[in-house]
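Visitor: no sequence on this one, just coordinates:
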């Protein structure tokens, strides 16, 4: 497993853990806020209904109306949302109008209207913040609303029919409850923020140990491929030698030829598996030398011109001169070879292969681009091209020679140089871009 792959796996684990933590914390905070809001709204509604039942006038003592209007009080509780009522009972915060302090702590104003819609009475004795004309303005505004119960700034209102005829509007000052809810939201956001920071530190410190089993499995897999490749070389060599001996002795036929082809194919596959493993290994930067990138790409591309011509395909070169890179010449030559070989192999009949090399405007990066004609490239998941043994379709067709590991090897070599290899398709042209 390469250093870049380990870093990507570690980052993926950290991001997944952080996102999960954020979702859970947000869900919990949201549930607390919603439940608190429901309970607060239920309390406020009960308080306003109690004022409405008393036609906007609060009696000095709750007991003074208990015997006269006990049925009304029971109706108020029965009509309450059952969920809210059960929550209030659970947390012991049932509506506070049963308290004698309700008369002194409640801030509200009420406006009563006749059946003709004229203002009959304005009650502002329980608030000092609103004058009579302001109370009428508030009442007229909320009466035009669709909902008969709701909020208006820091106030909650209720529009109801009076027993004696007409309409009553009660507006309750709930600034304290609203401020508490806002503080609750702010506190939840602050706690989530602190929790995210603390979790990030803890998760980041433990991420390396948590993904260690995955790294170990990858190393064991790489070791198995290497060991298996070496173990398979000997029997394949014996099979090939015996078959060649049979052919020398005059027993050459279609069966021996088929055996030789399969031996060569298996030998090539083993070599490529070893290359895949080695490509993902970390190399020594001290051994790198200044390499003439332009000369290597030009030389490699020209070696494929005969192959392209034999396949009735054209090759076009656009290679900038004097492009140099601190690298291993073998790595650069292998990456170029893999990309050009892949381009010629999968280029459309009588198509064109283009090889380009250059720098960006700031001369910070080197770009190696290899493209080819590929008309049927629409709607394909190009990320799978870098999967090992992927051959362009599910059937792994063998119409073209190859093992489906070339691009995977190229990707592994690019990771050595902390570079990237990308693929895109546009207007019938597929392009592989290596960024050094």
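Guide: Sure thing, it's come through. This one's a predicted model, so the numbers in the text were calculated from it and none came from an experiment. Numbering: from 1, shown residues only.
Visitor: Name the residues of stretch 20-36 that come out as buried.
Guide: Residues of stretch 20-36 classed as buried: 21, 25, 29, 36 (neighbour count, 16 or more other C-beta atoms under 10 Å). C-beta coordinates here come from the backbone N, C-alpha and C atoms, glycine included.
Visitor: Just give me the least confident of these.
Guide: Of all these, residue 36 has the smallest pLDDT value, namely 86.
Visitor: Kindly present the buried residues of stretch 20-36 as CSV, with separate columns for distance to residue 410 and secondary structure.
Guide: Supplementary listing: those in CSV, determined by distance: C-beta to C-beta, whole Å; DSSP: H, G, I helix; E, B strand; the rest coil:
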residue, distance to residue 410, secondary structure
21, 37, helix
25, 43, helix
29, 48, helix
36, 58, helix
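Visitor: Tell me the one among the residues you listed nearest to residue 367.
Guide: Among the buried residues of stretch 20-36, residue 21 lies closest to residue 367 (C-beta to C-beta), at 39.6 Å.
Visitor: Tell me which helix or strand the nearest residue to the closest one once chain neighbours are set aside sits in.
Guide: Closest residue to residue 21 apart from its sequence neighbours, by C-beta to C-beta, 6 or more residues apart in numbering: residue 199 at 5.1 Å. Assigned by DSSP states H and E, residue 199 belongs to helix 175-210.
Visitor: for that helix, packing partners?
Guide: helix 3-53 (3 or more C-beta pairs under 8 Å, 6 or more residues apart in numbering; DSSP states H and E).
Visitor: report the angle between the axes of the helix it packs on and helix 175-210?
Guide: 160 degrees (axes from the mean of the first three to the mean of the last three C-alpha atoms, to 10 degrees).
Visitor: Helix 3-53: how far from the chain's middle?
Guide: Averaging C-alpha positions (C-alpha atoms, centre = their mean, to the nearest Å) puts helix 3-53 19 Å from its chain's average.
Visitor: for stretch 331-346, same thing?
Guide: Stretch 331-346 sits 34 Å away from the centroid of its parent chain (C-alpha atoms, centre = their mean).
Visitor: For that stretch, buried residues please.
Guide: Neighbour count says stretch 331-346 has 331-346 buried, by 16+ other C-beta under 10 Å.
Visitor: quick one: which of the residues you listed is nearest to residue 417?
Guide: The nearest member of the buried residues of stretch 331-346 to residue 417, counting by C-beta to C-beta, is residue 331 at 7.7 Å.
Visitor: what helix or strand does that closest one sit in?
Guide: helix 329-346.
Visitor: by contact count, what packs against that helix?
Guide: Of the remaining helices and strands, those touching helix 329-346 by 3+ C-beta pairs under 8 Å, 6+ apart are strand 289-292, helix 293-303, strand 352-359, strand 366-373, helix 406-416, strand 429-435.
Visitor: Strand partners (parallel or antiparallel) of the last one?
Guide: On the basis of DSSP bridges, the sheet neighbours of strand 429-435 come out as strand 366-373 (antiparallel), strand 420-426 (antiparallel).
Visitor: Mind telling me which of these the model trusts least?
Guide: Lowest mean pLDDT within the strands paired with strand 429-435: strand 420-426, a mean of 88.
Visitor: For it, buried residues please.
Guide: Quick answer for strand 420-426 (16+ other C-beta under 10 Å): 421, 423, 425.
Visitor: Pull out the buried positions in the helix holding residue 199.
Guide: 177-178, 181, 184-185, 188, 192, 199, 203, 207.
Visitor: Spell out the residue ranges of the strands in the stretch 101-250 of the chain.
Guide: 108-113, 119-126, 149-152, 155-161, 167-173 (DSSP state E, counting those that start in this stretch).
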